[in-house]
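1. Have a look at this prediction, sequence included:
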Amino acid sequence: MTRDARPSHLSAIDAAARMGDVAYLTVTAVNNTGAFLRWGQPKDVLLPYSEQSFRPEVGKRVLVKLYEDDQGRPVASMRLERFVTDEAWELARGDQVTLVVAERTDLGMKVVVNHRYWGLVYQDDLTQPLRRGQTLAGYVKQRRDDGRLDISLLPPGEARLDVVGDKVLQALRESGGYLPLGDKSPAHEIKARLGVSKSAYKQAIGRLYKRELITLEPYAIRLVPGALTS
């Protein structure tokens with residue numbers, strides 16, 4: 001059920017794939033058995049025709065679940081609905097989780113949580129561009145009454161403000177110590193520049209101001225000279 005992989009450079013996504021993972025893998029060959037995918041092991045893994053939702057092409061990537069068949073052999077499936085469920089009763093608000101980006105929807109970005117559950121990052125919670133197959137950390141924002149998960153890319157509580165504060169400081173460094181965003185700036189400008197809500201931004205810059213790292217203006221902030229050199 002496997003074949004020798006062609007010698008080639010392994011991407012980080014390919015190399016990270018393990019049994020039980022949902023992963024975005026490169027197609028290395030297609031024959032009358034199915035497609036073969038590079039997953040960082042000595043032999044490529046088979047994606048049988050029966051487990052394909054469309055016919056993949058060599059060189060393209062496909063989002064698959066890696067599992068063992070009835071004979072204990074590693075195989076892949078594009079039919080994620082067989083392995084990924086909506087109900088995540090073992091997870092709770094604030095839990096840190098691993099996300100694999102699946103697809104965009106009208107509401108935001110659909111993700112696979114911990115390789116087992118479906119989750120949704122709402123458009124307003126997208127703090128960075130996401131691409132299909134990307135793996136990143138996230139947090140359970142809410143588990144609904146039906147077990148479905150709303151996901152945030154930022155941690156809860158004080159840690160969330162620390163992450164936003166780091167984004168602000170990085171933006172200040174990249175722009176020469178001046179950022180044209182302040183308490184009075186429109187929320188859409190803050191979201192477009194930093195990917196965070198106005199509320200989170202205001203709280204974060206308030207913390208940075210108390211630490212004497214920045215000065216505040218109605219429509220801008222400035223990095224205090226020498227504040228980050230010590």
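-> Perfect, thanks for sending it.
2. residue contacts, the closest residue in space to L80 that isn't next to it in sequence?
-> Counting by CB to CB, 6 or more residues apart in numbering, L80 lies nearest to K65, which is 5.8 Å off, once chain neighbours are set aside. Yep, even glycine has a C-beta here, placed from its N, CA and C like the rest. Counting by CB atoms under 8 Å, 6 or more residues apart in numbering, K65 touches D21, V22, A76, S77, R79, L80, R82, F83, V84, H115.
3. Make sure K65 is indeed in a helix.
-> No. Read with DSSP: H, G, I helix; E, B strand; the rest coil, K65 is strand and lies in no helix.
4. where's it relative to H115, distance?
-> Going from K65 to H115 by CB to CB, to the nearest Å gives 8 Å.
5. do the same with G177
-> 42 Å.
6. Helices along this structure, start to end?
-> Applying DSSP state H to the chain gives helices spanning 12-16, 157-174, 187-194, 198-210.
7. ok, R61 - how many residues close by?
-> Per other CB atoms under 10 Å, the neighbour tally for R61 reads 18.
8. Sorry, slip of the keys, the one I care about is A220.
-> A220 is flanked by 16 other residues according to other CB under 10 Å.
9. How about R143?
-> R143: 20 neighbours (other CB under 10 Å).
10. Assess the claim that it and E90 are in contact.
-> No. The pair R143 / E90 is not scored as a contact, 9.6 Å apart, by CB atoms under 8 Å.
11. so where's the chain uncertain?
-> 1-16, 228-230 (pLDDT under 70).
12. beta partners of the residue most central in space within the chain?
-> Nearest to the mean C-alpha position of the chain, counting by CA atoms, centre = their mean, stands L136 at 3.8 Å. Beta bridges link L136 to L99, judged by DSSP bridges.
13. same check, this time on V62
-> Applying DSSP bridges, one finds that V62 bridges with L25.
14. if I read this right, it contacts M78, doesn't it?
-> Yes. Using CB under 8 Å, V62 is in contact with M78, at 5.8 Å.
15. Quick one: end-to-end distance for stretch 190-209.
-> Distance across stretch 190-209, first residue to last, is 18 Å (CA to CA, to the nearest Å).
16. Show me what that stretch is in contact with.
-> 124, 126-128, 154, 160-161, 164-165, 167-169, 171, 179, 181-183, 185-187, 214-216, 221.
17. Quick one, which of those are buried?
-> Buried by 16 or more other CB atoms under 10 Å: 126-127, 154, 160-161, 164-165, 167-169, 171, 179, 181-182, 185, 214, 221, out of the contacts of stretch 190-209.
18. Pretty sure the residue nearest to the centre of the chain sits against L153.
-> Yes. Counting by CB under 8 Å, L136 touches L153, with 7.3 Å between them.
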